[in-house]
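Engineer: Everything below, folded, please.
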Amino acid sequence: MRRHLLHILRLGLKELRSLLADPVLLVLIAYVFTIGVYSVATGAKLEVENATVGIVDEDRSEVSRLIASAIVPPPFRVPVDITTPEVDAAMDRGRLVFVLDIPPDFEKHLLAGQGPSIQLDADATAMTEAGNGALYLQNIIAEEVLSFSGRMEGQSALPIKVVMTSKFNPNDDSEWFTSVMQVINNITILSVILAGAALIRERDQGTIEHLVVMPVTPVEIMLSKIWANGIVVVLAALLSLVLVVRMVLQVPVAGSLGLFFVGALLYQFSVAALGILLATFTGSMGQFGLLVIPVLVAMNLLSGSTTPMESMPVWLQDAMQLSPATHFVAFSQAILYRGAGLAVVWPDLAILAVITAVFFGISLLRFRKSILASA
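Structural biologist: Predicted coordinates for the structure are as follows:
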């Protein structure tokens, strides 16, 4: 056992020296965990910000003026007056995202209890902005109309007031979500790419034949590549969480970084094994890149890091339980967002360990066959 561990250590150190001698990969790692995380967190916002609104005010009443005055920055820009014939052209050119059409005699029909309607047009090209913005505007209109109706009837306030509190993200700031999820997705991407690239690099340089004739086993070679590349990725992820997410973006990290580190190491064993498995089916880095892109896209998009698992079809939710990314995302969200401890996340760790063993076993069989064929 001691001899095997020494082989794995020495081969891993050789792998680390090879990685440190590759400036392109080092720049890639630095970029995705710094500029990549920051740019996605600050640029890919889920909330509505500076949306343009046009108002066709055919009523010119007090209630229509109240509605217009309640639409304020930062969610919306100051509304612009527009006429009905101008609406289609303005929306076709993308000049307006929302248009409110307040019909004639709206206030009169409102006070008479006739339930008048307001038309809200939305440019749904950007679906998230259109959906969230329309909801914001509906709430603004409802609140102003109820407030106006209450004053006309002599009431000093609305009959009820709903107070919403958001746990784990009190300001509903998308940066709190996207920054952490970007770090998690980057662990997946780099673990697969670096492990697969390490095997292809050995094959291109002809050193895989040297390893085959050395007194080392395929499992030692594979473990050395996984731990060497994995420790770099996980340490870079931790630095990103501390320096970029916590210090630069001011996003609090609730739970134990040590527990996250353990889970990330276990996770990267499964995805690095997947990278080696994919590399055995390719003959060059270009082929590996083409093969790995759809795999990474599916893992990241369907793991729950981008869209909630509950929004997917039941059969797809069940299928994604076989992916290690699904359980790692649930594990990471519980720790980093909600401050969960081992008592809460151990089921995800246990499932992740089983999946890792299966992935590693399948990859080892294919890896052994590949290096023996190249010998």
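Engineer: and the one helix or strand Gly361 maps to, what other elements does it pack with?
Structural biologist: Using DSSP states H and E, Gly361 maps to helix 342-374. The helices and strands touching helix 342-374, judged by 3 or more CB pairs under 8 Å, 6 or more residues apart in numbering; DSSP states H and E, are helix 207-213, helix 218-239, helix 257-279, helix 324-336. Where you see a C-beta, it was placed from the backbone N, CA and C, and this is true even at glycine.
Engineer: How about the backbone phi and psi for Thr188?
Structural biologist: phi -60, psi -50 (degrees, to the nearest 10).
Engineer: That one - how many residues pack around it?
Structural biologist: For Thr188, the neighbour count with other CB atoms under 10 Å is 27.
Engineer: Distance check, it against Gly131.
Structural biologist: 28 Å (CB to CB, to the nearest Å).
Engineer: Could you list every helix and strand in contact with the helix or strand Arg3 falls within?
Structural biologist: If you go by DSSP H and E, Arg3 is part of helix 2-20. In terms of contacts (3+ CB pairs under 8 Å, 6+ apart), helix 2-20 is packed against helix 23-33, helix 174-205, helix 218-239.
Engineer: Which stretch among the helices and strands packed on helix 342-374 is buried most, on average?
Structural biologist: Mean neighbour count (mean count of other CB atoms under 10 Å) peaks for helix 324-336 among the helices and strands packed on helix 342-374, with a mean of 24.
Engineer: what packs against that helix?
Structural biologist: On a contact count with 3+ CB pairs under 8 Å, 6+ apart, helix 324-336 meets helix 174-205, helix 257-279, helix 342-374.
Engineer: Any idea which of the helices and strands packed on helix 2-20 gets closest to Val40?
Structural biologist: helix 174-205 (4.7 Å; CB to CB).
Engineer: would TSV of the helices and strands packed on helix 2-20 with distance to Glu15 and mean pLDDT be doable?
Structural biologist: Shown next, in TSV, are the helices and strands packed on helix 2-20 (distance: least, CB to CB, whole Å; pLDDT from 0 to 100):
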stretch	distance to Glu15	mean pLDDT
helix 23-33	12	89
helix 174-205	6	87
helix 218-239	4	89
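Engineer: Figure out which of those helices is closest to Thr42.
Structural biologist: Comparing the helices and strands packed on helix 2-20 by CB to CB, helix 174-205 comes nearest, at 6.5 Å.
Engineer: in the closest one, what's buried?
Structural biologist: Judged by neighbour count (16 or more other CB atoms under 10 Å), helix 174-205 contains these buried residues: 174-203.
Engineer: between that helix and helix 23-33, how many degrees?
Structural biologist: 160 degrees (axes from the mean of the first three to the mean of the last three CA atoms, to 10 degrees).
Engineer: any idea how far helix 174-205 is from the chain center?
Structural biologist: Helix 174-205 sits 14 Å away from the centroid of its parent chain (CA atoms, centre = their mean, to the nearest Å).
Engineer: helices or strands up against that helix?
Structural biologist: helix 2-20, helix 23-33, helix 35-43, helix 207-213, helix 218-239, helix 257-279, helix 285-301, helix 324-336.
Engineer: Now for Val262: which residues touch it?
Structural biologist: Neighbouring residues of Val262 by CB atoms under 8 Å, 6 or more residues apart in numbering: Leu349.
Engineer: mind checking how far it is from Ser256?
Structural biologist: Counting by CB to CB, the gap from Val262 to Ser256 is 9 Å.
Engineer: and if you look at Ser363?
Structural biologist: Using CB to CB, Ser363 is found at 30 Å from Ser256.
Engineer: got it, and Val40?
Structural biologist: 25 Å.
Engineer: same check, this time on Gly150
Structural biologist: 50 Å.
Engineer: Could you do Ala21 as well?
Structural biologist: The value you get for Ala21 to Ser256, if CB to CB is used, is 34 Å.
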